[in-house]
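Student: Need a 3D model of the sequence below.
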Amino acid sequence: GPSVPDSYSLQLNTNYISGSPACAGSGTPGLCQAWEQFIFSNDGTSGVAFIQYWLLHYNAPCAPGWFPYPVGPETYCYLNSPLGVAVPVQSATNLTNQHLAGTTVSMDKVTMFDGMTAYSTLGSNAISLGATGGWKESEFNVFGNGNGAQAVFDTLATMIVRTRIDYGGVLMPNCRAHGFSGETNNLNFNLPKPSITPPGPAIRFHQDAMAGGLTNNCDAAQGVGDVHETTASELAYDFL
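Tutor: Predicted structure coming up:
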């Protein structure tokens, strides 16, 4: 369809996870994987934050409440969280003030921040993400607004993205040069690599709309640790 100004999504996506109880009815249980997306959808006139659940390679009639999504000869299933939370429409020029958070502690929840204002809603734990212990990777970026769309920025666009994790440790995460979303943007991973700045642990990466791009996406990424050291004289230092 035609381009729509300020139409994009923020997505915080898990990796694909094997062993979810939600795969019990799959026609190919050895292949079925669960996937969870924490999403802020901004269509240019309104915004909503919600959670979307997926069962990949399900290959059987989807369970009640789930919707089929054909991928070639296979059947995937998806389900949205019971309640989305309305968020005022956000201009792409306000991305610097936007943060998206997802958690699976006790109950999964998505929170969209516009500056200090938070919009939050609970999910349904449809894939028992917290119980599987399978969330090992995170993908966070600005993408098109669903259905495989692309977010298109002008040639002067440049952006530094921070993906911060809270996993009970302090060591910086590793960068992996792959992704999970079906949506895209037109930005390239490029130099200069971002500086090391708190808060951490986190990954920061630089992307822009310049021609070219790095062969290895992780060359544009900088890990941020939060390693606490204490000297013999009990002085504490943080190396960020």
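
Student: pLDDT-wise, which helix or strand of the chain ranks last?
Tutor: Lowest on mean pLDDT, DSSP states H and E among the helices and strands of the chain sits strand 236-239, with a mean of 49.

Student: Would it be right to say that residue 95 lies in a helix?
Tutor: Yes. Judged by DSSP: H, G, I helix; E, B strand; the rest coil, residue 95 forms part of a helix.

Student: neighbours around the closest residue to it other than its chain neighbours, how many?
Tutor: Spatially, and ignoring its direct neighbours in sequence, residue 95 is nearest to residue 142 (6.6 Å; CB to CB, 6 or more residues apart in numbering). All C-beta atoms are positioned from the backbone trio N, CA, C, and that covers glycine. Here the number of neighbours of residue 142 (other CB atoms under 10 Å) works out to 23.

Student: Likewise for residue 44?
Tutor: If you count neighbours by other CB under 10 Å, residue 44 ends up with 16.

Student: show me where this structure has helices.
Tutor: Remark: helices assigned in the chain by DSSP state H are 129-132.

Student: mind listing what's buried in stretch 156-167?
Tutor: 157, 159, 160, 161, 162, 163, 164, 165 (16 or more other CB atoms under 10 Å).

Student: got those residues as CSV, with distance to residue 57 and pLDDT columns?
Tutor: Supplementary listing: the buried residues of stretch 156-167 in CSV, determined by distance: CB to CB, whole Å; pLDDT from 0 to 100:
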residue, distance to residue 57, pLDDT
157, 36, 94
159, 33, 95
160, 35, 96
161, 29, 96
162, 32, 97
163, 26, 96
164, 31, 95
165, 27, 93
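
Student: Could you tell me the end-to-end distance of stretch 154-172?
Tutor: End-to-end distance of stretch 154-172: 32 Å, with CA to CA, to the nearest Å as the criterion.

Student: Stretch 52-66 now?
Tutor: 11 Å.

Student: Can you list the buried residues in it?
Tutor: 52, 53, 54, 55, 56, 57, 58, 59, 60, 62, 66.

Student: Check what contacts it and list those residues.
Tutor: 16, 20, 22-23, 25-28, 31-37, 39, 68-69, 74-81, 123-124, 126-127 (CB atoms under 8 Å, 6 or more residues apart in numbering).

Student: same question, stretch 217-225
Tutor: 162, 170-177, 189-191, 193-207, 214, 239-240.

Student: Give me the subset of the buried residues of stretch 156-167 that lies in strands.
Tutor: Judged by DSSP state E, strands contain the following of the buried residues of stretch 156-167: 159, 160, 161, 162, 163, 164.

Student: Quick check: closest non-adjacent residue to the fifth one.
Tutor: Among residues not flanking residue 163 along the chain, residue 140 sits closest, at 4.3 Å (CB to CB, 6+ apart).

Student: Report how many residues lie close to residue 94.
Tutor: By other CB under 10 Å, neighbour count at residue 94 equals 12.

Student: Among the buried residues of stretch 156-167, which one lies nearest to residue 10?
Tutor: Set against residue 10, the nearest of the buried residues of stretch 156-167 by CB to CB is residue 161 (9.9 Å).

Student: which residues touch the closest one?
Tutor: The contact partners of residue 161, by CB under 8 Å, 6+ apart, come to 140, 141, 142, 204, 205, 207.

Student: which of those sit farthest apart?
Tutor: 142 and 204 (14.6 Å).

Student: Please spell out the segments of this protein that come in under the pLDDT threshold.
Tutor: 131, 227-240 (pLDDT under 70).

Student: do that again at 90, thanks
Tutor: 1-3, 104-107, 128-134, 147, 167-170, 210-213, 215, 225-240 (pLDDT under 90).
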